[in-house]
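*Asks:* I need the structure of the sequence given here:
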Amino acid sequence: MNVIGAIILFVGTEGSDSPNYIWYFGTLFMPTKQDDRDLIDFQEYWPILKRRWPVTAVVIGSVFGMTALVTFLQKPVYESQAKLLFNKQSGASSLSGLSSQVGELSGLTNLSNPVDTEAEVIRSNPIIQKTITSLNLKDKSGKPLTIEKFLKLLKLKTIRGTDVMQLSYRSTNAQEAATVINSLMNYYLESNVRTNRAEARSAREFLNRQLPEVEKRVLKAEMALRRFKEKNRVVALEVEAKVGVEGLKDLAEEITTAQGELVAAKTRSVALQSQMELNPHQAVELSTLSQSPGIQQVLKEYQKAEDEVAVARTRLTDDNPTLINLEQKQAALRNQLEGRVAQTIGSSESVPEQNLQIGELKQTLSEDLVKSEVEGLALQNRVAELRKAFIINKSRLDILPRLEQQQLQLQRQLQVARVTYEQLVKQLQEVEMIENQNVGNARVISDALVPDKAVSPIIPLNVALGGFLGILLGVGAALMLEATDNSLKTIEEVKRLLGYPLLGTIPLAEKPKGSNSEAGSELPVLNNPYSPESTAFEMLQVNLGFSISDKTLKVIVVSSSIPSEGKSFVAANLAVAAAQTGRRVLLVDADMRRPRQHKIWEQSNLIGLSNILVNQAELPTTTKEALMTLDLVTAGTIPPNAAALLESKRMAALIQEATNEYDFVIIDAPPLTAVADAQILGKLVDGILLVVRPGVANSAAANATKTLLAQSGQRVLGIVVNGITSKSSYGGYYSKGYYHQNGHSKNGKVDVQTLKIRN
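*Replies:* So this is what the prediction gives:
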């Protein structure tokens, strides 16, 4: 229904001149805003349906009849249903902890629905084709059922809020419908199990290929860690760091203690040197000489010989052989002493005799000095060694963080390799277990049963829908035909499209009964003064008087959009209506291409307006008396250049002359869209009266006329709708009987009608 309404709405809005009722029809079947239209007036569509009732009736009858025929001829269709429950993952994978690898029922993205995915698997060609082949399904023509037709009969629906899928299949055979659903579910479950086992097998093969590689990585990581420990002499870095810190602390304490002892030894040595006035080297020499038995023995013999020489000199002369022998003995002993001293101290320097033999105190002090020096040297060496050990230990401690980082990295690589290896071994065992099981992601919770009632056709519903659709299409067809017809059919359309004031509406004139002349229908105001047409023209001439307020209306041009709208008819009867009010009226037929007034008034057309304009005649001699106060100027001889004559100064002078002689001048001009005559005349008169006839005028001509009038700056007095009937009186009502009830008629033979216009 919405589609048809949208189509008709589109047709109605295709052109800018489309009738308004098409838009209204669209509002019947499509949503509209409350502000746009609160109430639909169905009386607006009734005239349309009355005009197009044959098409509407044919469409409604055809659609309703076809719907009923198809419904009663259709074979009953049965539908069987079943239900599948889906699990997120297979039972085996859930038990083994492999839900993220094997057999899991999940979507690729957050927007995907796993159950919908499984529905597409059920619709897949292999499963459908296997079902068709195994059951030997046939179509109506006896040929094997195609996958496309099978899918049209199959329906899969997910039950909202659950993991349950409902499967249904329609067939004219109830048993076949149930069998198809059960077979389809079995084939799907088998395919699901095979898929899960295939996934497990693929996972097992993958794990078997990966295990040797991972094992190699484990061995490589272990070898790298071992080489690192051997190269850097690492056993336990944490223990080594702890012991190293404590060792540095102990070494620092020992260095401090040794340095203190060294300072004490040096102080003691300096004091002894100052006391003995000897340096450590000399003290060592004295101590060595004083403790050497050979030196002390020679020294005693030397001292003894020296005493003997001193005694001998007191008794003997210098040349005494005894003295000489004693002196030689003394010299020999001295040489021997000096030789032994030099041999002992390792130096050829002479040593004073008093230093070769010292006292016990000096000997003790010398020993103490030597000991202090030796102790100082030992302490100095100890401090140096302790410092060297401190530096070595500290450098080892400095590289321990780097070694620890390298060791941790190697251990981490080894741990990752081991964990990966252990997981792969575990997963391989689990996958081998899954591969040997027959577990799927779905199970049947409701088998398909043989239906006992048909689901199609639903006769009352189909007949009702057929009737409704027939009415809808019938109305739509009527409105579409109306939309393609661009003629103006009602007064409201004329008013809406042109936008000029409506000065009058003229009913369709009827020929009086028993009259053979055209005057009876062409001049109803004259021949049938009590007719609705006469009343309508009286109202028109009154409304014309109110069309302009700045001056008295003297000269008007009566024209139309296209031919056959009755402009000459309106001009003639308007002239009669004005003349009946007592005014002197002049009716001029300015349509010098297709003159009409001489036929309406049954006058000759030998001399007329064209003769006046070419100065072949004068106005007083050309006019013909139609009524006592109504004169007529016919078109005259048809000229080759009518527009040029109308645009001449002679025409303007003629209008001025007529205005002076007559109270009211009516000029019958050609249609506006045909020639430019009416526009030329419109500039010389007080205004233009536009005649429109529903059913003859069309929207294109009306728009063109409105554009021409606007561009040329014409003064349009208003419009008069001519030839209206009960069908074209949209927006009001058209009734008979008012004059008939009064029983008044000019000749007693004419049926009187009257038209009441609703403004």
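
*Asks:* Please make it C-alpha for all contacts and neighbour counts, starting now.
*Replies:* Fine.

*Asks:* quick check: domain ranges of this structure?
*Replies:* The chain breaks down by automatic domain parsing into domains covering 2-74+457-484, 80-206+439-446, 240-407, 491-756.

*Asks:* can you tell me which residues contact Gln580?
*Replies:* Thr629 (CA atoms under 8 Å, 6 or more residues apart in numbering).

*Asks:* circling back to that earlier point, from the domains of the chain, which stretch is densest packed?
*Replies:* domain 491-756 (a mean of 19; mean count of other CA atoms under 10 Å).

*Asks:* The stretch 251-400 of the chain: strands as residue ranges?
*Replies:* With strands called from DSSP state E, counting those that start in this stretch, the stretch 251-400 of the chain shows none.

*Asks:* and the closest residue to Pro670 other than its chain neighbours, how far is that from Asp677?
*Replies:* Leaving out its chain neighbours, the residue that sits closest to Pro670 by CA to CA, 6 or more residues apart in numbering is Asp591, at 4.9 Å. Noted for Asp591: a distance of 8 Å to Asp677, by CA to CA, to the nearest Å.

*Asks:* and for those two, which residues touch both?
*Replies:* Ala669, Pro670.

*Asks:* quick one: what helix or strand has Glu199 in it?
*Replies:* helix 174-231 (DSSP states H and E).

*Asks:* Show the average pLDDT along that helix.
*Replies:* Per-region confidence: helix 174-231 scores 86 on mean pLDDT.

*Asks:* That one: how far from the chain's middle?
*Replies:* Put simply, helix 174-231 sits 39 Å off its chain's centre (CA atoms, centre = their mean, to the nearest Å).

*Asks:* With stretch 478-492 instead?
*Replies:* Using CA atoms, centre = their mean, the offset of stretch 478-492 from its chain centre is 43 Å.

*Asks:* mind checking how far Leu369 is from Glu375?
*Replies:* Applying CA to CA to Leu369 and Glu375 gives a distance of 10 Å.

*Asks:* I am assuming the residue nearest to Pro670 contacts Ala635, so please confirm or correct that.
*Replies:* Yes - counting by CA atoms under 8 Å, Asp591 does reach Ala635; the two are 6.4 Å apart.

*Asks:* would you say Asn605 is within a strand?
*Replies:* No - if the criterion is DSSP: H, G, I helix; E, B strand; the rest coil, then Asn605 is coil and not within a strand.

*Asks:* Quick check: it vs Ser564, distance?
*Replies:* Asn605 is 21 Å from Ser564, by CA to CA.

*Asks:* what's the answer for Asn641, then?
*Replies:* In terms of CA to CA, Asn641 sits 23 Å off from Ser564.

*Asks:* go on, Ile556?
*Replies:* 20 Å.

*Asks:* before we move on, what about Pro532?
*Replies:* 21 Å.

*Asks:* Assumed Val685 was part of a strand.
*Replies:* No - going by three-state DSSP, the assignment for Val685 is coil, not a strand.

*Asks:* Pretty sure it sits against Val557.
*Replies:* Yes - using CA under 8 Å, Val685 is in contact with Val557, at 7.0 Å.

*Asks:* which SSE is Val455 in?
*Replies:* strand 454-456.

*Asks:* Let me see the mean pLDDT of that strand.
*Replies:* 81.

*Asks:* Could you do stretch 694-705 as well?
*Replies:* Computed over stretch 694-705, the average pLDDT equals 87.

*Asks:* Please enumerate residues in contact with it?
*Replies:* Taking CA under 8 Å, 6+ apart as the rule, stretch 694-705 contacts 17-18, 486-491, 494, 497-498, 561-562, 564-565, 672-673, 721-724, 728.
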